[in-house]
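Novice: Curious how this folds, go ahead:
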Amino acid sequence: QVQLVESGGGLVQAGGSLRLSCAASGRTFSGYAMGWFRQTPGKERDFVAAIGWSAGTTNYADSVKGRFTISRDIVKNTVYLQMNSLKPEDTAVYYCAVEIRGRWWSVIASQYDYWGQGTQVTVSS
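Specialist: Presented below is the predicted three-dimensional model:
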């Protein structure tokens, strides 16, 4: 059983930075993709970024390109989301997810198979 545990969320001022971590366990993730999504109350879960576990190929939502960076540590089985130049509109619960077919280009939440519990990110203006 895959388990994903996010950490690193919190309150930050606009223009600041945060780094989210997602510790994965339960199986070998070679060939999988890992993604980050975010959700605000009453809205759907939106794609933020994804990475192919083996090759490290990345994909980003247009709204975060140039500000966020996704990376992974294969030894630690951990994926990161470095968030810089944060804006109030980045405020959301951020979720880590696993896509077992390795489709790092997938931006659709329903195509991801396992999810973490989420971590709150709040950006004040």
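Novice: Report the mean confidence score over stretch 2-10.
Specialist: For stretch 2-10, mean pLDDT rounds to 96.
Novice: now stretch 102-110
Specialist: pLDDT averaged over stretch 102-110 gives 93.
Novice: residues in contact with it?
Specialist: Stretch 102-110 is contacted by residues 31-33, 35, 37, 44-47, 50-54, 57-59, 61, 97, 99, 111-112 when judged by C-beta atoms under 8 Å, 6 or more residues apart in numbering. C-beta coordinates here come from the backbone N, C-alpha and C atoms, glycine included.
Novice: 10 Å instead?
Specialist: 29-35, 37, 39, 44-61, 70, 95, 97, 99, 111-112, 115 (C-beta atoms under 10 Å, 6 or more residues apart in numbering).
Novice: Mark which of those are buried, thanks.
Specialist: Among these, those classed as buried by 16 or more other C-beta atoms under 10 Å are 29, 32-35, 37, 45, 47-53, 59-61, 70, 95, 97, 99, 112, 115.
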